[in-house]
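> model this:
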Amino acid sequence: MATKNKTTETPVPVEEFIHSFVSDQQKKDDSFRLIELMTAWSGFEARMWGPTIIGFGSYHYKYASGHEGDAPMIGFSPRKAEFSLYVFSDTEKSRQLLEKLGKHKMGKACMYVKKIADIDLSILKELCDETIKYLNEHHECACRKD
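As a prediction, the model looks like this:
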């Protein structure tokens, strides 16, 4: 039996989520700044995905196993300790950009930063652009340009 994806788009207002979930004022300010930037970079408004991910646009994935679903093209989550940034595609250009990003840690599916002042936002934009380009080339994507 197929498992239901936990990370699906929800109707929760993003601003409401930030005000109720994020207690640190700097993290709130950084969250609203990331929303402003990622909206401009992606061309899509912020939407909640699952209980804590703020995503922009969407794409459809399908694995060889047959598991498939939708996910945000780019996004972030203002976790208690640090931000989880979902903006990485495993390309040569992205790996090179990571070296210039600034203070971050890589996880399996995301990168972690304590605050946005720790990273170079122009490099973050390039990472977002590279991810959107990759998704456009490899998946059914809201970013597709015909």
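
> how about the strands in this structure?
Here the chain has its strands, by DSSP state E, at 9-10, 46-49, 53-56, 59-62, 68-71, 74-78, 83-86, 105-106, 111-113, 140-141.

> out of those strands, which is closest to I132?
Between I132 and these, the tightest spacing by CB to CB is seen for strand 74-78, at 6.7 Å. C-beta: built from backbone N, CA, C; applies to glycine.

> with only the CA atoms kept, save that closest one in PDB.
Extracted C-alpha coordinates of strand 74-78, given in PDB (Å, rounded to 0.1, in the frame of the first residue of the first chain):
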ATOM      1  CA  ILE A  74      12.500  25.900  -3.400                       C
ATOM      2  CA  GLY A  75      11.700  26.600   0.300                       C
ATOM      3  CA  PHE A  76      12.700  26.800   3.900                       C
ATOM      4  CA  SER A  77      11.700  26.100   7.400                       C
ATOM      5  CA  PRO A  78      12.400  28.300  10.300                       C
END
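
> one step back: let me have the strands of the chain in JSON lines, extended by mean neighbour count.
As requested, the strands of the chain are arranged in JSON lines below (neighbours: other CB atoms under 10 Å):
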{"stretch": "strand 9-10", "mean neighbour count": "14"}
{"stretch": "strand 46-49", "mean neighbour count": "22"}
{"stretch": "strand 53-56", "mean neighbour count": "24"}
{"stretch": "strand 59-62", "mean neighbour count": "15"}
{"stretch": "strand 68-71", "mean neighbour count": "17"}
{"stretch": "strand 74-78", "mean neighbour count": "24"}
{"stretch": "strand 83-86", "mean neighbour count": "22"}
{"stretch": "strand 105-106", "mean neighbour count": "10"}
{"stretch": "strand 111-113", "mean neighbour count": "19"}
{"stretch": "strand 140-141", "mean neighbour count": "16"}
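
> I'd like those strands as TSV, with distance to K28 and mean pLDDT appended.
What follows is the strands of the chain, written out as TSV (distance: least, CB to CB, whole Å; pLDDT from 0 to 100):
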stretch	distance to K28	mean pLDDT
strand 9-10	20	90
strand 46-49	14	97
strand 53-56	12	96
strand 59-62	28	84
strand 68-71	25	86
strand 74-78	8	96
strand 83-86	12	96
strand 105-106	22	94
strand 111-113	15	96
strand 140-141	30	63
